[in-house]
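> pasted the sequence and its predicted model underneath.
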Amino acid sequence: MSAYRQYQNCEQIRDRGLIIIGYQGVGKSSFATSRHKTIDLESSNFKVGGERNDNWYVIYCRIAVSLAKQGYIVFTSSHRVVVEEFMKYGNLNDDYSIVIVAPHRSLETEWVEKLRQRWFDEAKNEKNRIAYEDAAKNFQNEIQWLASQSELPFIPIKSMDYTFGKIVEGLCCIYGVIRYSRIMSGSWDEDKSF
């Protein structure tokens with residue numbers, strides 16, 4: 001039985017938290033700014049004087065877990081040290097789940113262009129410049145590494161024509177998180193390629 005079918009009867013769902021480790025540009029900030037009980041835990045805020053403490057990711061992950069235990073959906077960065085720290089917590093427990101959402105490797109050209117446009121056309125800030133330059137140099141290696149972390153579920157975005165909200169809703173249904181009216185009505189399609 002698929003995880004979706006297990007939660008298809010949404011009467012069984014109880015509120016739980018969810019940590020979504022999201023690759024740069026998936027839509028974390030845009031989604032979180034307009035939704036109740038969602039938080040974009042921006043990792044660039046963990047810099048002081050332009051530098052991060054050596055163990056910043058430990059504190060960052062502890063904050064994310066604490067918020068998830070309170071029933072929030074928390075979006076985090078996909079830095080390698082963050083993912084490795086989350087793997088210590090494990091994916092499933094009574095209070096929250098942790099998953100990785102990132103583009104499929106086949107979307108490299110389009111995804112790098114999306115990040116370039118975000119930096120050049122939307123917001124010329126340091127965070128967006130770093131995201132673009134990092135993806136331009138390391139996209140294939142980063143996505144391959146994220147997908148290979150067997151301790152955490154990897155949800156690939158397979159098309160540039162996706163809606164991050166639908167991915168979040170689907171994950172909420174699978175992991176029994178928060179009741180969205182679309183999930184309650186059964187209109188989420190588990191077979192749709194994100």
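Cool, the structure landed. Values in this document were obtained by computation on a predicted structure and should not be read as measured data.

> so where's this structure uncertain?
Applying pLDDT under 70 to the chain flags residues 1-15, 92, 122-123, 178-194.

> the helices in this structure, which residues?
3-6, 28-32, 56-69, 80-89, 108-117, 126-147, 164-175, 181-184 (DSSP state H).

> got a list of contacts for the fifth one?
Read it as helix 108-117. The contact list for helix 108-117, computed with CB atoms under 8 Å, 6 or more residues apart in numbering, reads 24-25, 103, 128, 131-132, 135-136, 139-140, 143, 160. All C-beta spots, glycine's among them, are computed from the backbone N, C-alpha and C.

> any chance of TSV for those, columns distance to S66 and neighbour count?
Listed next are these as TSV, based on distance: CB to CB, whole Å; neighbours: other CB atoms under 10 Å:
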residue	distance to S66	neighbour count
Q24	24	23
G25	26	20
P103	29	26
N128	28	19
A131	26	20
Y132	31	21
A135	30	23
A136	34	14
F139	31	21
Q140	34	11
I143	29	23
M160	34	11
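
> from the helices of the chain, which stretch is densest packed?
Most buried of the helices of the chain by mean neighbour count (mean count of other CB atoms under 10 Å) is helix 164-175; its value is a mean of 21.

> which helices and strands sit right next to that one?
helix 3-6, strand 17-22, helix 28-32, strand 96-103, strand 154-157, helix 181-184 (3 or more CB pairs under 8 Å, 6 or more residues apart in numbering; DSSP states H and E).

> let's have these in CSV, adding distance to V168.
What follows is these, written out as CSV (distance: least, CB to CB, whole Å):
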stretch, distance to V168
helix 3-6, 14
strand 17-22, 7
helix 28-32, 6
strand 96-103, 9
strand 154-157, 10
helix 181-184, 10
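
> so which of these is nearest M87?
M87 sits nearest to strand 96-103 of all the helices and strands packed on helix 164-175, at 8.5 Å, using CB to CB.

> tilt between that closest one and helix 56-69?
Orientation of strand 96-103 against helix 56-69 (axes from the mean of the first three to the mean of the last three CA atoms, to 10 degrees) gives an angle of 120 degrees.

> tell me the gap between strand 96-103 and the middle of its chain.
Relative to the centre of its chain, strand 96-103 is centred 5 Å away, using CA atoms, centre = their mean, to the nearest Å.

> with just CA atoms, put that strand into CSV.
Taking C-alpha atoms only, strand 96-103 is exported to CSV below (Å, rounded to 0.1, in the frame of the first residue of the first chain):
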residue,chain,number,x,y,z
TYR,A,96,7.4,15.2,12.7
SER,A,97,8.9,13.9,9.5
ILE,A,98,11.8,15.1,7.3
VAL,A,99,11.9,15.0,3.5
ILE,A,100,14.1,16.4,0.7
VAL,A,101,12.5,18.2,-2.2
ALA,A,102,14.8,19.1,-5.2
PRO,A,103,14.7,19.3,-8.9
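
> gap between the closest residue in space to Y57 that isn't next to it in sequence and D121?
Closest residue in space to Y57, ignoring its immediate chain neighbours: V81 at 4.3 Å, by CB to CB, 6 or more residues apart in numbering. V81 is 30 Å from D121, where distance means CB to CB, to the nearest Å.
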